[in-house]
Structure formats: structure tokens, C-alpha cells
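In: Pasted the sequence and its predicted model underneath.
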Amino acid sequence: LPQNSSGSFAENNAASFAPGGSGVSLRGLGQQSTLVLINGRRVAPYAFGQNVNGVTAGFVDLNSIPLEAVERIEVLKDSGSAIYGSDAIAGVVNIILKKDYQGLELTAEYGNTTHRDSGEQTYSMVTGMVNDKANAMFFLDYYDRNAQFLRDRENSANADHSAQGGLDFRSSASPQGLVFDPFTGNELFVPPTGATTTNALSATGFSGNHYNFNKDIVDYPQTTRYGGYSVINYNITDRLTAFVEAGYRKILTEFQSAATPVFGDTDGFTIGPNNPFNPYAGITNAPIAFRWRANQAGPRIDDVDTDVIRA
């Protein structure tokens, strides 16, 4: 939809505060302003709130809803706040699950990239029965996708896009480290030269020691999702129906990003003149500022294990 213009995200969102989750944001107003319903009823939000312009926003994880169990999706593109409240300012997404299914359907799918490094597989089973008084549907599914890293593709392996006419996004916090004069902001070269440069403190303003963090960042994380769902309806009278909806879903996601950077010059960290890690120790009586990346600790990894129970 054109209304789905900004703010929606999947589990490959590198800056996500809710790793492993997937949310919809109509009109770019944020997940907290788009109401997601299942069969017209509200759903418990994801355990982690997403960061939307500095505000923690609750949202419904779309990954917790098995796609093969969906019959249709209805979208109220205009504001629904008069009916539902402030969480429907941008609109409403109502996901309708199958219920009058009769028979048995087995599905198996496999796909891969042309590089053959990001295979994904899906298996599902849907079975149901219908009679004059009742209908029931049972659903099982399994989904698995291998990880794909930015380094696996030529056009994303390096954060320096200047050769293609773009910008250099490499980090000034390099594995070797950078040191500065905290009073002048000048970059310092480790003795014996003792020279200084006049490079301004900016992420792209240094002559060397840039760090290419793209080699450590996952593009699409390794993801496994599986579970089951059941819907049972029983017509007690022409005007009274009893129903049961119950489901369980397991979601495993491993997201990786580059090692933690430390920007001492902007965060106010300095190394004293007598500190053994100060390369100018014994030469100058002034502290130094620094930029450094904790590569010794390895990349940052979010290992997310989600259990979704709905009844």
C-alpha cells in the first residue's frame, strides 16, 4: 500500500530496539499509531518496544502470525482512533485467519539466492472439517532461513561508497584506535613522530584508520519460526456461537552487528598522562581523547528466543 511508506520494519532492521520482531507503521507515524488485530480482536504486544523518534513504542509482532493460516488482510487506511483509540491514529490492520477450511493441504518450499548462501525452507500443514453445527481448523508450520552478511555481496561489502559516487560511512573508531588532543580536537600520531593533523572530529573527516564495520554486520539474520494454531467454532443456536482460538509459536533469531565502538572525544572519556595505555605517557603531561572499537570482545550478537502463546 502507498500508505505503508515509512517506519515498517522486519527482523533485518539493523537499528532495531526489538530484534527479531516485525512491525507495520502506516503513514510513517510509528507502530504505536497503527493498530493490528487478529480476527477483529486485539493482540498482546511484542515483549520489546521499538524506538520511534526517541519514544518506546509497543507493537504487534507480525512474525508471530503464521502466513499460511491467513485468509485475508483488511486495512482501514483512514484513522480509526474514534473507534479504537489513539493506537489507531494511522489506521488499522485486521488479519483474518482461515476458519471454514475443509480438507488437507501440505506445503513444502525451498528457495536460495543466486550466490547459494542464504537458503530458506518452509513446511506447513493445514487441515479442517466443517459440518452443520461446527467447523475446525488446525495448522502447523516450520520456517528456517540462513544468515546473509553485508560482506557477502560486492556492493555492500565495504561501507566506503565513494567509488560509486556515494559517501564514506566507515567508522572513525578503528581496531587500531585513534587518539586526539582533547583541547584542540586534533588527531595525534603516536611517537616517534609526535605530529598532529588538523582533521575535524567527524565520522568521515579522518585521513586514515577508518573501520569497515560492514564486514561484521548481518544483512538478513538467521531465523527459525515454527508452531501450531487451531480455530474451533460451534453454533449453539442460530444467534449464539462458542469459539476457541489457541496457538503457540517459537521464534529464534540471531542478529549480529560490529563490535562496540567507544567515542571518547564525544562521550567525555580521556586517558590520563600517566596511564600505561597512553602512547604519550612520559612525553606530555596532558590527557588524550580517543576513539576505539572493542574488537577483542567480538561482534555484538542479539540471540532472541521468543515464545508466543495466544488463547
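Out: The structure has been received and is ready for your questions.

In: Please enumerate the helices of the stretch 51-200 of the chain.
Out: 81-84 (DSSP state H, counting those that start in this stretch).

In: now it, which segments are flagged as low pLDDT?
Out: 175-176, 185, 187-200 (pLDDT under 70).

In: Give me the longest strand you can find in the chain.
Out: strand 241-257 (DSSP state E).

In: what's the distance between the residue nearest to L62 when sequence neighbours are not counted and Q148?
Out: Among residues not flanking L62 along the chain, S22 sits closest, at 4.4 Å (Cβ to Cβ, 6 or more residues apart in numbering). Yep, even glycine has a C-beta here, placed from its N, CA and C like the rest. In this view, S22 and Q148 are 17 Å apart by Cβ to Cβ, to the nearest Å.

In: Same question for Y229.
Out: The gap separating Y229 from Q148 is 29 Å, by Cβ to Cβ.

In: cool, and P221?
Out: From P221 to Q148 the distance is 9 Å (Cβ to Cβ).

In: Give me the more crowded residue out of those two.
Out: P221 (25 against 20; other Cβ atoms under 10 Å).

In: Now do the contacts for that one.
Out: By Cβ atoms under 8 Å, 6 or more residues apart in numbering, the residues touching P221 are 11-12, 19-20, 147, 253-256.

In: Need the per-residue pLDDT for it.
Out: pLDDT for P221: 91.

In: Please name the nearest non-neighbouring residue to it.
Out: F255 (4.4 Å).

In: Could you double-check that the one you found sits in contact with P19?
Out: Yes - the criterion here is Cβ atoms under 8 Å, and F255 meets it with P19 at 4.7 Å.

In: more neighbours, these two?
Out: F255 (23 against 20).

In: Return the distance of that one relative to V304.
Out: 7 Å.

In: Check A57 too.
Out: Distance of A57 to V304, given as Cβ to Cβ: 18 Å.

In: which among the contacts of P221 gets closest to E245?
Out: E245 lies nearest to G20 out of the contacts of P221, by Cβ to Cβ, at 23.5 Å.

In: any idea how far that closest one is from A147?
Out: For G20, the distance to A147 - Cβ to Cβ - is 13 Å.

In: the more surrounded of the two?
Out: It is G20, of G20 and A147, that has more neighbours when counted by other Cβ under 10 Å, with 26 against 18.

In: related to what we said a few turns ago, overlap in contacts, F255 and P19.
Out: The contact lists of F255 and P19 share 11, 221, 302, 304, where a contact means Cβ under 8 Å, 6+ apart.

In: Which of those residues fall in strands?
Out: Counting by DSSP E, the members of these that fall within strands are 302, 304.

In: right, and the pair among the shared contacts of F255 and P19 with maximum separation?
Out: Farthest apart among those - using Cβ to Cβ - are E11 and D302, which lie 10.1 Å from each other.

In: Have a look at the two and say which one is more surrounded.
Out: E11 (23 against 16).

In: Tell me the spacing between the more buried one and V262.
Out: Distance from E11 to V262, by Cβ to Cβ: 27 Å.

In: Then N51?
Out: Per Cβ to Cβ, N51 is found 21 Å from V262.

In: swap in V60?
Out: Separation of V60 from V262 (Cβ to Cβ): 36 Å.

In: Between these two, which has more neighbouring residues?
Out: Shown here are V60 and V262; by other Cβ under 10 Å, V60 has more neighbours (24 against 16).

In: Can you tell me the closest non-neighbouring residue to that one?
Out: For V60, ignoring the flanking residues on the chain, the nearest one in space by Cβ to Cβ, 6+ apart is V36 at 3.8 Å.

In: next one: L252
Out: Using Cβ to Cβ, 6+ apart, the nearest residue to L252 is T224, at 4.4 Å.

In: measure the one you found to M125 for me?
Out: Taking Cβ to Cβ, one finds T224 at 17 Å from M125.

In: So which of those two has more stuff around it?
Out: A direct count of neighbours by other Cβ under 10 Å for T224 and M125 places M125 higher, at 16 against 13.

In: What is the distance between stretch 78-91 and the centre of its chain?
Out: Relative to the chain's own centre, stretch 78-91 is displaced by 25 Å; criterion: Cα atoms, centre = their mean, to the nearest Å.
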